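In: How does the following fold in three dimensions:
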Amino acid sequence: VARRLHPHVAPTVLQLLQCALCAPHTHRQDNKQPQSEWPERERSADSDAYVSDGSKFQEAKVPQLVQQILKQVPQDELRMFVKAFLLETNSTAVRWQAHALLLAIYNNSSQSDQASLVSLLWGIWPTLPQYGRKAAQFVDLLGYFTLKTPDIDTEKYVGSAVELLRNQNQLLSSHGNAALYAALSAYVELDGYYLESEPCLVCNNPEVPMATIKLPTIKIDSKFTTTTQIVKLVSSHMISRISLRIGDIKRSKMVRTINFYYNNRTVQAVQELKNRPGMWHKAKRVQLQSGQSEVRVDFPLPIVACNLMMEYADFYENQQATGESLQCPRCSQSVPANPGVCANCGENVFQCHKCRAINYDEKDPFLCHACGFCKYAKFDYTLTARPCCAVDTIENDEERKKMVQTIGALLDKADRVYRQLVANKPVLESLLHKISEHRLEGRAGDENSNASNTSFSGAQINRVIQTLAHKYCVDSKGHFEDLSKIIQKVLACRKELVAYDRSQSEQLKGDTLPVYAGLVQNYDSDLSKESGGGCYGCSLACAEHCLTLLRALASQPEHRTRLCRFGLVQELVQHNLHRGTPQCQEEVRALICLVTRDNLPATEQLCTLLTQRITLSLMGHAASQDHNNSVRPLVLLLGSLVKVQDSVECWESRLRCIVKLWVWCCPQLTEVAGIPPAAHAILKAEALAGIPGINTSSPNSHQFALQQVALPCLRYMQQLMAPVPPAPVPSTDSEQSKDNKESTTPVTPPPPTLVQAQQVQLIHAVSAVSSPTGNVVVDLAAWLAGR
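Out: Numbering: from 1, shown residues only. Now for the predicted structure:
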């Protein structure tokens, strides 16, 4: 039922299901928010929390309810429910509601039903790229269910996860803008990917939360009658609450009843809505107490409106106050209410105090029909709302023609915006080329570049980089957001057009539906989602979801062997290790360490792969930023690997890789720092077998190898060989002296960790081979060769 209801009604139905299947959280009572002036039973429409009585929850009946759901809901319907509320909806709160429901269904199902649910979710897995960032809750459930469910085809599921990651990496690598995005990320923080040829409605349709908005800030036009105020908004808004503050109340005439109306009709001028009650929908009727100064109107379901009308329908009138004398708006003399003409200046005392307009039809109106001024009170409206994309409902053929014309105009506008967006791409490439040329010039060009530097927030920043950031983060972002809004409007118009044509065709017996009417039926199908899409942002988000799932699967040792067999380690090193934010790269390093844990063949294969990639990267003729981007993630991975606490054989293999790379760089130190070539005396050719030499044609290669490889490796070895620091004693000096007098029992230190034990073992091994003179004799070549 929830899937077939209006999107605004579905969350309420999901909350009812949650109350029946999900136990209430006990911590909500402990962390109560301070009570406001409004009753606790009232709930804001923009809040997804609900108040429930935990004592009424019957946990014993939950399995029965779950069995009824699984019995009455077919698998196809459950699959559409998962897609609609766990993947497609743009509301994070609704996705978490669906997450809680599916978790409750799983926990209260039989083992066979659990396996069926896991199979259903894995059937949706190949379509994940189309949902991008919205698939986080789905991946969380999928990983949990897969780990907890026994007797399932885990081999197939693990292979499917690795295959999807491999496909997304291939899409990201072959994407037309991949190189440009990578170059931009070195100078600009990428909040989005704005150079896509087709706007993605997942990446560029952010969830805008409800916000408190003053009505005048979103009002573009208004009209008035003596008792109504009509307001045209800048765009469609979803409104969940209207707050009214009434000030400067005059006791002679006070509002008793306010009616709120709305519609979503696009009009050229708000005058078209005046005196046309058939175009309005009544939202709420509010009764006020005499002298009430604050009103809050909450809508159980948010209203979508382009126009609002507030009608002051009934009043508290003080006849005695009405008969009192009034003040002349010009000379401020006291004037009797009857006849209402100032004896001093002859002005009509009933004219508007703001615009001087006179209403000859009504002697004493509540509102000025010209400017809306009210002399009895001041009304201040505040909305709790957010912008949304909504279009008029088509009711006849004339409106259908207007909708077709609107679609054509929007497409023409989208084409113009797209041309402006495409024109930014060569400009960005040219700016990146200038920055690259400036960097390659080196220090010789620094003096000439001072003229191109400008002070920005107290720092000297290259002007070309500033231009690059403005061109991408301001110009390109603005064009792309405009294009996304236009496309959303076009899709909404087409949806209304299809719905109208479908309803018209169904009214005629025997008449077939239009060809494009099938779009409504296939809207939730996978026909368009199976292709994988071409959005860079969605592919990147999908790759991150794959890493999250694989990290969960790798938590069990039996899955790690499967992941290694499917080539996950090579895939991560080749693609994901150097892509994304530093936090994402750190998570990839942690995943590689976890997958190769206690697996000697996989560890040796990984060390060989890292050695080959690092040495090949350093064989270039000159050090460059590209070398830095390719070598640094690999060296950081080595530092993470040597800290893994697993078997001694695996740890020693990783340490051997670090020492081998450090020794490989050492023979070249003579040309850089004048260090005696001591390494040649203790090394044999077999020690570095299979490793090519550094290109000797450029000293920059040696310097780069020293800075990017040798020094980090030396730091890793130093951390391992450093003595274990003594455990700190928490007691003070006085307490310590007192304890020494009372007892001489030695304090037992805490047991050492595996890393500390390995450090001690390494120090003892070095001490064992030391001669009385302090010299250490080690067959380094044999150890590096694996003997």
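In: For whichever strand in the chain runs longest, name the packing helices and strands.
Out: The single longest strand within the chain, with elements called by DSSP state E, is strand 294-317. Using 3 or more CB pairs under 8 Å, 6 or more residues apart in numbering; DSSP states H and E, the elements in contact with strand 294-317 are strand 228-247, strand 253-263, strand 281-287, strand 378-387. For the C-beta atoms, the positions are set from N, CA and C on the backbone; glycine is no exception.
In: pLDDT of the first one, averaged?
Out: Mean pLDDT, strand 228-247: 92.
In: Same question for the second one.
Out: The average pLDDT for strand 253-263 rounds to 93.
In: could you check the angle strand 294-317 makes with that strand?
Out: 120 degrees (axes from the mean of the first three to the mean of the last three CA atoms, to 10 degrees).
In: where are the low-confidence patches of the protein?
Out: The chain contains residues with pLDDT under 70 at 1-8, 25-57, 319-325, 337, 438-460, 509-533, 619-629, 667-702, 723-778.
In: could you dump the helices and strands packed on strand 294-317 to a markdown table with mean neighbour count and distance to V295?
Out: As requested, the helices and strands packed on strand 294-317 are arranged in a markdown table below (neighbours: other CB atoms under 10 Å; distance: least, CB to CB, whole Å):
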| stretch | mean neighbour count | distance to V295 |
| --- | --- | --- |
| strand 228-247 | 20 | 4 |
| strand 253-263 | 20 | 7 |
| strand 281-287 | 14 | 6 |
| strand 378-387 | 18 | 10 |
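In: I'd like to know which of those is closest to R79.
Out: strand 228-247 (28.8 Å; CB to CB).
In: Which elements pack onto that closest one?
Out: Using 3+ CB pairs under 8 Å, 6+ apart, strand 228-247 sits against strand 219-224, strand 253-263, strand 294-317, strand 378-387.
In: can you put those in TSV and add distance to I465?
Out: Conversion of these to TSV gives the following (distance: least, CB to CB, whole Å):
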stretch	distance to I465
strand 219-224	39
strand 253-263	48
strand 294-317	43
strand 378-387	33
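In: do you know which of those strands lies nearest G639?
Out: Short answer: strand 378-387, nearest of the helices and strands packed on strand 228-247 by CB to CB, at 45.9 Å.
In: counting contacts, what elements does the closest one pack onto?
Out: Using 3+ CB pairs under 8 Å, 6+ apart: strand 378-387 touches strand 211-214, strand 228-247, strand 294-317.
In: now the longest strand of the chain against strand 219-224, angle please.
Out: 20 degrees.
In: From the chain's centroid, how far away is strand 294-317?
Out: 34 Å (CA atoms, centre = their mean, to the nearest Å).
In: Against L184, how distant is the residue lying closest to P329 once chain neighbours are set aside?
Out: In space, and not counting its chain neighbours, P329 is closest to H353: 4.9 Å by CB to CB, 6 or more residues apart in numbering. H353 is 59 Å from L184, where distance means CB to CB, to the nearest Å.
In: Ok, L101 next?
Out: In terms of CB to CB, L101 sits 41 Å off from L184.
In: try L215
Out: 41 Å.
In: What of L618?
Out: 26 Å.
In: How about L568?
Out: 29 Å.
In: Have a look at those two and say which one is more surrounded.
Out: L568 (28 against 23; other CB atoms under 10 Å).
In: nearest residue to the more buried one other than its sequence neighbours?
Out: V162 (5.3 Å).
In: mind listing what the one you found touches?
Out: V162 sits next to 550, 563, 566-568, 571 when contact means CB atoms under 8 Å, 6 or more residues apart in numbering.
In: ok now do K134, which residues does it touch?
Out: 87-90, 95, 202.
In: Next: R632.
Out: Q708.
In: Is the residue of the chain positioned farthest from its centre in a helix, a strand, or coil?
Out: In terms of distance from the mean C-alpha position of the chain, A343 ranks first, at 69.3 Å (CA atoms, centre = their mean). Assigned state for A343: coil (three-state reduction, DSSP: H, G, I helix; E, B strand; the rest coil).
In: so it sits right up against V335, yeah?
Out: Yes: A343 lies in contact with V335 (CB atoms under 8 Å); the separation is 7.3 Å.
In: Pull the number of nearby residues for E196.
Out: 22.
In: any idea how far it is from H175?
Out: 9 Å.
In: And N275, its phi and psi?
Out: phi 60, psi 30 (degrees, to the nearest 10).
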